[in-house]
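In: no FASTA, just this:
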């Protein structure tokens, strides 16, 4: 029965996920700690939670996903003790394992499945409430600027106005109208604070002049490694930053060294997301973009230390195009693969961009020219120069095999 011990119990109503605890988790996310970055023991639910020494779940449809015909003959009962599944089989045998104080749960024909493994998520980024502005995907920037104006009135943990959700296509279509630049649109509603709106795919951002100043992206500045500063006909940045140029601004806006209050936001957001994952039966995740320069990996460690990491997590550490290749030393130092609940054994590398913005690397030039400054006959771009970091990463991967 050892193969069953790794299964985590998930009870699902057919065609309906029970998300009744969602409001409670959202409230917890809003209840900020007044005095300490670390939570009090009673503030968050802990692992486990079994009532009594043994819990027997019976009268269900138990799918173990074991064997070649598991879907044809579901079991009916599960016995859980000490947080582990000790038995899967029939009701009578399960009830025989009950002891004094055991809890008996009648599933009423509900389905029980092993936990779901999600190999590409962004739990920490998805859960925090640092971003206050949610933009519509295909709405004109002329209308979206009014959304940003309203968002700037909301409370924010820093001076930045942060948002997301718009599409790069909407911004590029707007450029064809010949109206004020996207930068000027944001300046007209928020002239005195830096604004950055993350596009829906996270491959670009829309910023105002204050944000460009924070990043040093002024007239005459060359494109950063792996990124593009879009410019108008006079050479002024127009407020659209593609690929790593946008990542650089987001890194400034979310830098915990500058804004240490964001660490608590990260913590609260991750715990919130873990609750949502549990509600939906997701018991293992890969955080496919862990920004170690923002201390994201340390937030995971704190959550685990406090007994709140309710999903197994694998962290894919972000490779920064603007950093020298020597960052491989830092990435190697962060490697960890021994704890089954939390591992840092992947590196996330963006290769190139997107077709919509003509930054995806191609063999032949694009038929449209967006003025990205990528040379005559634009064939897209790469985040890293060929043969540098990639070679060192490959060597590192071979070393770990």
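Out: Nice, I can see it. Keep in mind that what you see is a predicted model, and the values were worked out from it rather than measured.
In: all strands for the stretch 1-150 of the chain, in order.
Out: Ranges of strands within the stretch 1-150 of the chain are 10-12, 54-58, 61-62, 77-81, 84-89, 103-106, 111-113, 116-121, 133-134, based on DSSP state E, counting those that start in this stretch.
In: residues touching the third one, excluding its own?
Out: Read it as strand 61-62. 74-78, 88, 107, 109-112 (C-beta atoms under 8 Å, 6 or more residues apart in numbering). Placement of C-beta: from N, CA and C, glycine included.
In: can you pull the poorly scored residue ranges out of this protein?
Out: Across the chain, residues meeting the criterion (pLDDT under 70) sit at 1-52, 386-401.
In: in it, which residue is closest to the centre?
Out: Note on the chain: the residue nearest the mean C-alpha position is residue 122, at 1.5 Å, using C-alpha atoms, centre = their mean.
In: give me the distance between that residue and residue 218.
Out: Going from residue 122 to residue 218 by C-beta to C-beta, to the nearest Å gives 31 Å.
In: cool, and residue 140?
Out: Distance of residue 140 to residue 218, computed by C-beta to C-beta: 27 Å.
In: for the residue nearest to residue 339 when sequence neighbours are not counted, which residues are in contact?
Out: Once flanking residues are discounted, residue 339 sits nearest to residue 304: 8.0 Å by C-beta to C-beta, 6 or more residues apart in numbering. Each residue near residue 304 by C-beta under 8 Å, 6+ apart is listed here: 339, 341-342.
In: for the residues you listed, pick the one with the most neighbours.
Out: Counting neighbours by other C-beta atoms under 10 Å, residue 342 leads those with 19 neighbours.
In: any idea how far that one lies from residue 309?
Out: From residue 342 over to residue 309 (counting by C-beta to C-beta), the distance is 6 Å.
In: OK, contacts around residue 320?
Out: Residues in contact with residue 320 (C-beta under 8 Å, 6+ apart) are 293, 327.
In: in stretch 64-76, what counts as buried?
Out: Across stretch 64-76, burial judged by 16 or more other C-beta atoms under 10 Å covers 64, 75-76.
In: ok, so of those residues, who is nearest residue 241?
Out: Residue 241 lies nearest to residue 64 out of the buried residues of stretch 64-76, by C-beta to C-beta, at 49.1 Å.
In: next one: residue 277 from residue 302, what distance?
Out: Distance, residue 277 to residue 302, by C-beta to C-beta: 18 Å.
In: I meant to write residue 185 there.
Out: 39 Å.
In: and the two? which has more neighbours close in?
Out: For residue 185 versus residue 302, the count of surrounding residues by other C-beta under 10 Å is larger for residue 185: 22 against 19.
In: isn't there a helix covering that one?
Out: Yes. According to DSSP: H, G, I helix; E, B strand; the rest coil, residue 185 belongs to a helix.
In: run through the residues that contact the nearest residue to it once chain neighbours are set aside.
Out: With sequence-adjacent residues excluded and distances taken as C-beta to C-beta, 6+ apart, residue 185 is closest to residue 145, at 4.6 Å. Residue 145 makes contacts with 185-186, 188-189, as judged by C-beta under 8 Å, 6+ apart.
In: which stretches in the stretch 251-400 of the chain count as strands?
Out: Counting by DSSP E, counting those that start in this stretch, the strands of the stretch 251-400 of the chain are 282-290, 312-318, 342-348.
In: is the residue nearest to the centre of the chain in contact with residue 289, as I believe?
Out: Yes. Assessed by C-beta atoms under 8 Å, residue 122 is found in contact with residue 289 at 5.9 Å.
In: re the thing from before, which one of the contacts of strand 61-62 is nearest residue 358?
Out: Nearest member of those to residue 358, counting by C-beta to C-beta, is residue 111, at 47.0 Å.
In: ok, the closest one to residue 57 distance?
Out: Note on residue 111: its distance to residue 57, by C-beta to C-beta, is 11 Å.
In: who has more neighbours, these two?
Out: Neighbour count, other C-beta under 10 Å: between residue 111 and residue 57, residue 57 has more, with 24 against 16.
In: buried residues in stretch 219-234, which are they?
Out: Residues of stretch 219-234 classed as buried: 223-232 (neighbour count, 16+ other C-beta under 10 Å).
In: filter these down to the ones in strands?
Out: Counting by DSSP state E, the buried residues of stretch 219-234 place 227-231 in strands.
In: out of these, flag the one nearest to residue 93.
Out: residue 227 (61.4 Å).
In: right, and the closest one touches residue 249 too?
Out: No. Taking contacts as C-beta under 8 Å, residue 227 lies outside contact range of residue 249: 9.6 Å.
In: intersection of neighbour lists for the two?
Out: Listed as contacting both residue 227 and residue 249 by C-beta under 8 Å, 6+ apart are residue 241.
In: may I see the ones in strands among the buried residues of stretch 219-234 arranged in TSV, with distance to residue 355 as well?
Out: Output for these, formatted as TSV (distance: C-beta to C-beta, whole Å):
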residue	distance to residue 355
227	17
228	14
229	20
230	16
231	21
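In: the spatially closest residue to residue 160 that is not a sequence neighbour: neighbouring residues, count only.
Out: Nearest in space to residue 160, with sequence neighbours left out and distances taken as C-beta to C-beta, 6+ apart, is residue 253 at 4.5 Å. Number of residues near residue 253 (other C-beta under 10 Å) recorded here: 25.
In: does residue 253 touch residue 157 like I think?
Out: No. Here residue 253 does not reach residue 157: they are 10.6 Å apart, not a contact under C-beta under 8 Å.
In: list the contacts for residue 334?
Out: Going by C-beta under 8 Å, 6+ apart, residue 334 touches 292, 297, 317, 344.
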